[in-house]
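# based on what follows, work out the 3D shape:
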Amino acid sequence: MKETESEASSLEDYKNKAHWRVVLRGAATVWRADPLRMSLVLVAALADGFVPVLGLLLMRAVVDLVVSGGLSGAGGVRLGLLSAAWLATMVGQYSLSTLSEYLAERTSQRAARILSGRIMDKGLSFAGLAHFEDPAYHDLSGWVNYVFNPVNALVYQTADLVKHAFQFVSVAAVFAALDWWIPLALALSVVPGALASLRTADARAKLDEDLKKLDRKVMYLRGRALSAQSAKELRIFGFDRLFRRQAFAAFRETDERNAALARRNLGRQLGATAFRVAAAGGVFLYLAARVRTGAVSAGSLALFLQAIFQFSSSVLMLVMVWSYTRFGREFFLRLFAYLALGDTLDLSRSTRVLDGPLRELRFEDVSFSYPSGAKALEGVSFTLREGDSLALVGENGAGKSTIVKLVARFYDPTGGRVLANGVDLRELEPRAWRERLSAAFQDFCKFELTLAENVFADEADRRSLASEKLPDLLGDALLAKLPEGESTMLGTEFGGRELSGGQWQRVALLRAFAKRHELLMVDEPTASIDPLEEAAVFRAILARESRMTLLVTHRLGSIRQATRVLVLKSGRLVAEGAHDELLERDEYYATLWNSQAELYR
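Purely as a prediction, here's the structure:
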């Protein structure tokens with residue numbers, strides 16, 4: 001519960017920050033990723049805002065010169081030069097737009113790449129697992145997974161703000177030279193449209209946030225519909241119809257809510273446009289009357305006709321771009337909240353590194369409740385010594401896998417202590433402690449990597465199955481079927497070779513054996529393995545006299561070789577001893593054993 005509340009409060013803290021603060025911090029974050037290119041983007045944006053205004057002034061000069069009739073001699077030369085300069089501004093305008101787009105795209109790509117790295121590093125930095133089992137965390141990480149689009153939008157929006165702000169000021173100055181009230185009147189005429197854009201942007205941001213969970217559900221349904229792992233059960237059990245019905249219901253809801261927002265915006269914008277056109281028409285009639293009296297030149301009237309919608313669009317673009325930064329704000333406030341997340345373990349005193357080999361692991365009156373409040377262990381005490389193989393047995397939910405999580409220090413006990421050589425695990429640096437451990441988990445990962453990378457991880461370029469003394473879990477037959485041997489890509493995501501469930505589990509077990517370790521933890525190691533091979537797997541796990549082994553299994557027939565058995569029931573340790581001893585004196589263990597033994601008689 002503590003982690004969930006801290007994540008929520010962290011996000012709320014960022015939501016309460018002013019819009020402009022979050023946007024400016026987002027822009028600063030992008031700037032730091034590539035300051036040189038971002039500077040060039042802004043310089044190009046300034047130039048892109050200035051060149052059209054220069055073109056307007058040159059066009060006015062050309063029109064005034066033509067109307068004056070002084071086109072012979074020096075006048076003709078001046079007309080040629082002005083026309084050439086005007087054409088140059090047109091070429092420059094389009095060239096600058098192309099250059100700005102190129103610079104913005106490259107800046108976005110680099111910034112998104114850097115931020116993606118920071119997001120990945122943050123996720124990998126958590127020593128505890130509580131975040132990953134918290135729905136609030138998945139809502140947050142679901143937002144920050146989509147880096148490029150919001151970063152790209154912010155770069156373009158920053159450039160557009162600079163460009164249109166400069167253009168607005170420049171054109172306003174030109175209009176003010178005609179009459180002081182013209183830019184003021186035209187700016188006021190844009191207010192209804194600007195307010196409509198702001199209201200729409202607010203509604204769009206709220207709608208996007210409302211639809212985010214719906215989008216996540218659609219992605220899940222679509223991913224499952226296209227997944228090889230889900231294909232069989234989708235078709236056998238009718239999940240295909242259920243998934244399609246739920247996905248299309250989500251599509252309809254999204255479309256209906258988007259359409260309703262678009263209709264509301266259309267009505268506002270049509271009215272605002274009519275008001276803006278009426279204001280522009282009034283100024284035009286005023287200037288046309290002044291042209292007749294000679295107070296304003298024909299070139300100035302032509303300039304106004306050319307610039308009026310440029311001026312209006314600059315104001316509207318400023319408002320629209322700023323309003324659309326609200327979408328970027330939603331991303332960046334979550335990005336900053338995500339990057340600000342603390343670990344779910346208290347690492348303030350986790351600085352020690354264990355001296356010497358691991359001789360003993362001891363649970364002292366350990367209790368544990370998950371952040372959700374579910375109690376998993378209560379008052380559990382036992383000792384695991386060098387050379388011991390300890391089997392944990394019990395029904396589902398008894399707390400067996402929780403003990404594995406506490407040993408790996410994915411969580412800290414809520415009561416009691418876990419000690420390694422007499423040192424509280426909370427005092428040990430987690431990475432250094434985990435270097436001593438290896439594990440094969442019940443929900444093992446099927447990494448879409450080569451076989452060697454699946455087994456040896458980042459040591460795959462220095463180690464191989466052929467040179468390592470590992471249990472023969474794969475067999476020569478499977479290796480012979482892999483076209484590139486250990487270098488064969490596994491899984492179909494990237495065009496590799498798919499394995500059966502049992503073969504994947506054997507790869508996971510090999511991974512556990514291959515990691516150098518002093519304590520091996522295996523959780524349901526034969527759930528997907530054939531019964532004929534099960535005994536060989538357990539022999540490989542338990543035939544390790546010089547190391548510690550912690551074994552979680554429901555397959556009680558294979559644990560007789562374990563030095564001791566711990567019997568768990570509803571989070572409590574109810575019995576401990578050797579297999580034969582427990583059969584004689586513990587009724588609950590005998591019941592568990594006999595319930596399985598009956599199946600083989």
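
# check contacts around Ala514.
Val455, Phe456, Arg463, Glu468, Leu470 (Cβ atoms under 8 Å, 6 or more residues apart in numbering). Backbone N, C-alpha and C define where each C-beta goes, glycine included.

# filter the residues you listed down to the buried ones.
Buried members of the contacts of Ala514, scored by 16 or more other Cβ atoms under 10 Å, are Val455, Phe456, Arg463, Leu470.

# span of stretch 124-135 from start to end?
Stretch 124-135 has an end-to-end distance of 18 Å (Cα to Cα, to the nearest Å).

# buried ones in that stretch?
The neighbour-count check on stretch 124-135 (16+ other Cβ under 10 Å) flags Phe126, Ala127, Gly128, Ala130, His131, Glu133, Asp134 as buried.

# widest-spaced pair of those residues?
In the buried residues of stretch 124-135, two members sit farther apart than any others by Cβ to Cβ. They are Ala127 and Asp134, at 15.2 Å.

# could I have the CA atoms of the strand or helix carrying Glu581 written out in CSV?
In this assignment (DSSP states H and E), Glu581 forms part of helix 579-585. What follows is helix 579-585 as a C-alpha-only set of coordinates in CSV (Å, rounded to 0.1, in the frame of the first residue of the first chain):
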residue,chain,number,x,y,z
HIS,A,579,10.8,-36.9,4.4
ASP,A,580,10.5,-40.3,6.2
GLU,A,581,10.3,-38.6,9.6
LEU,A,582,7.5,-36.3,8.5
LEU,A,583,5.5,-39.2,7.0
GLU,A,584,5.4,-40.8,10.4
ARG,A,585,4.7,-37.8,12.7
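
# how far is it from where the chain is centred?
Remark: helix 579-585 is offset 51 Å from the chain centroid, using Cα atoms, centre = their mean, to the nearest Å.

# tell me who's in contact with the closest residue to Ala543 other than its chain neighbours.
Among residues not flanking Ala543 along the chain, Gln561 sits closest, at 7.8 Å (Cβ to Cβ, 6 or more residues apart in numbering). By Cβ under 8 Å, 6+ apart, the contact set of Gln561 is Ser389, Phe538, Arg539, Leu542, Ala543.

# filter those residues down to the buried ones.
Buried positions within the contacts of Gln561, assessed by neighbour count (16+ other Cβ under 10 Å), are Ser389, Phe538, Leu542.

# so Ala391: helix, strand or coil?
With DSSP: H, G, I helix; E, B strand; the rest coil as the basis, Ala391 sits in strand.

# over to the one 5 residues further on?
The three-state label for Asn396, taken from three-state DSSP, comes out as coil.

# distance of it from Arg264?
Using Cβ to Cβ, to the nearest Å, Asn396 is found at 52 Å from Arg264.

# neighbour count winner among the two?
Arg264 (14 against 7; other Cβ atoms under 10 Å).

# so the more buried one touches Ala203, yeah?
Yes - judged on Cβ atoms under 8 Å, Arg264 makes contact with Ala203 at a distance of 7.4 Å.

# tell me, what residue is most central in the protein?
Per Cα atoms, centre = their mean, the C-alpha nearest to the average position across the chain is that of Asn145, at 2.0 Å.

# brilliant, that's me finished.
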